[in-house]
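Engineer: sequence first, then the predicted structure, then my questions.
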Amino acid sequence: MRNHVKKYMRVIRELLYLRFHRLTVFRLDFFAPFFVDGSLFFIQLLAFGAIYAHVDTIGGWGRGEMILYIGTFSLLNALNMTIYFFGVNSIPYKVRSGELDLYLSKPVSPLFRLTFENISLGSVPLVIMSICIISYGIRMLHMTLTMRAVIGYIFWVIIMAVLYYEMEVIIRSVSLYVVSMARMEQLEEACIDLCMKLPGIAFYGGYKVIFYLILPYGIMATLPVQRIAGEMNLRMGVYGIGIVLLFSVITAVLWKQGLKHYNSASS
């Protein structure tokens, strides 16, 4: 097990080296994500301000909690853009073009390499800006932070980043079974856009089933905020971990079965 971990750590190090080398050759690859994602980031903040300017509470959360929420969702999205988005997002193209053959022939998990081969250093400033928004939300709430609360918040951000990753892989794994991915990607975009504006506590009835269980984007930023605000109970904590484990199994099965279903473009 230890040797296995060391092997994959070496792979990540080499992928980082190759990625950094490409960025030094094509500098636009570094700055373009920052400007594009940064513009989107500020547009989202303006939209948030316009929507909630005349709203006192949403589901019991005031403006401070909502700022903390939007900062947390932006942080999850920034981590996604920095670490794995560009690699995972290329899966449908590599399936259609047959480039996936090259990954299957390597002595390392193809999904592992696809995940980490296109790390975007240009998105790192978005992580910093998101942390600034989170800090502002904490100040607005006059929250006294304890080490336990901070560690708990970081834990849930990491757990929800894993869930975010799993949802991206699941959606793009569908390309191993079908020809067109347009509808699935539109569904993903619509869900993220909605849940970035509305916290999970605002959903009830059928909407809660959809965004807490079927497409669990509604819990991704909600649970970390509930944890740092001291609102999370044991039932929700167990539920959140259970959802991540469930989607880990779904991701592994869907990807593994999809590779069996995959036909090389050269065959």
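Structural biologist: Happy to help now that I have it.

Engineer: tell me which element the residue nearest the centre of the chain falls in.
Structural biologist: Closest residue to the average C-alpha location of the chain: residue 164 at 3.5 Å, with Cα atoms, centre = their mean. Taking DSSP states H and E as the definition, residue 164 sits inside helix 147-173.

Engineer: list the buried residues in the following helix or strand past that helix.
Structural biologist: Using DSSP H and E, the helix or strand that directly follows helix 147-173 along the chain is helix 182-197. Buried residues in helix 182-197, counted by 16 or more other Cβ atoms under 10 Å: 184, 185, 188, 191, 192, 195, 196, 197. All C-beta spots, glycine's among them, are computed from the backbone N, C-alpha and C.

Engineer: re earlier: residue 78 is in contact with the residue nearest to the centre of the chain, correct?
Structural biologist: No - using Cβ atoms under 8 Å, residue 164 makes no contact with residue 78, being 10.9 Å away.

Engineer: and residue 241, how many neighbours?
Structural biologist: 13 (other Cβ atoms under 10 Å).

Engineer: state the pLDDT value of it.
Structural biologist: With respect to pLDDT, residue 241 scores 97.

Engineer: can you tell me the SS state at it?
Structural biologist: Under DSSP: H, G, I helix; E, B strand; the rest coil, the three-state class of residue 241 is helix.

Engineer: that one: what's it in contact with?
Structural biologist: If a contact means Cβ atoms under 8 Å, 6 or more residues apart in numbering, then residue 241 has residue 159 as its contacts.

Engineer: swap in residue 194?
Structural biologist: By Cβ under 8 Å, 6+ apart, the neighbours of residue 194 are residue 217.

Engineer: show me where pLDDT drops low in the stretch 1-150 of the chain?
Structural biologist: Applying pLDDT under 70 to the stretch 1-150 of the chain flags residues 1-41, 43-45, 47-56.

Engineer: ok, now which ones touch residue 250?
Structural biologist: Counting by Cβ under 8 Å, 6+ apart, residue 250 has contacts 166, 170.

Engineer: phi and psi next, for it.
Structural biologist: phi -60, psi -40 (degrees, to the nearest 10).

Engineer: ok, residue 58 next?
Structural biologist: Torsion angles at residue 58 (phi, psi; degrees, to the nearest 10) stand at phi -130, psi 110.

Engineer: and it, how many neighbours does it have?
Structural biologist: That count, for residue 58 with other Cβ under 10 Å as the rule, works out to 18.

Engineer: ok, now the one 10 residues further on?
Structural biologist: By other Cβ under 10 Å, 27 other residues sit near residue 68.

Engineer: find the nearest non-adjacent residue to it, please.
Structural biologist: residue 137 (3.3 Å; Cβ to Cβ, 6 or more residues apart in numbering).

Engineer: would you mind measuring from the one you found to residue 42?
Structural biologist: 17 Å (Cβ to Cβ, to the nearest Å).

Engineer: which one's more surrounded, these two?
Structural biologist: residue 137 (23 against 10).

Engineer: figure out the helix or strand that the more buried one lives in.
Structural biologist: helix 124-140.

Engineer: name the helices or strands packed onto that helix?
Structural biologist: Applying 3 or more Cβ pairs under 8 Å, 6 or more residues apart in numbering; DSSP states H and E, one finds that helix 124-140 contacts helix 28-52, helix 63-83.
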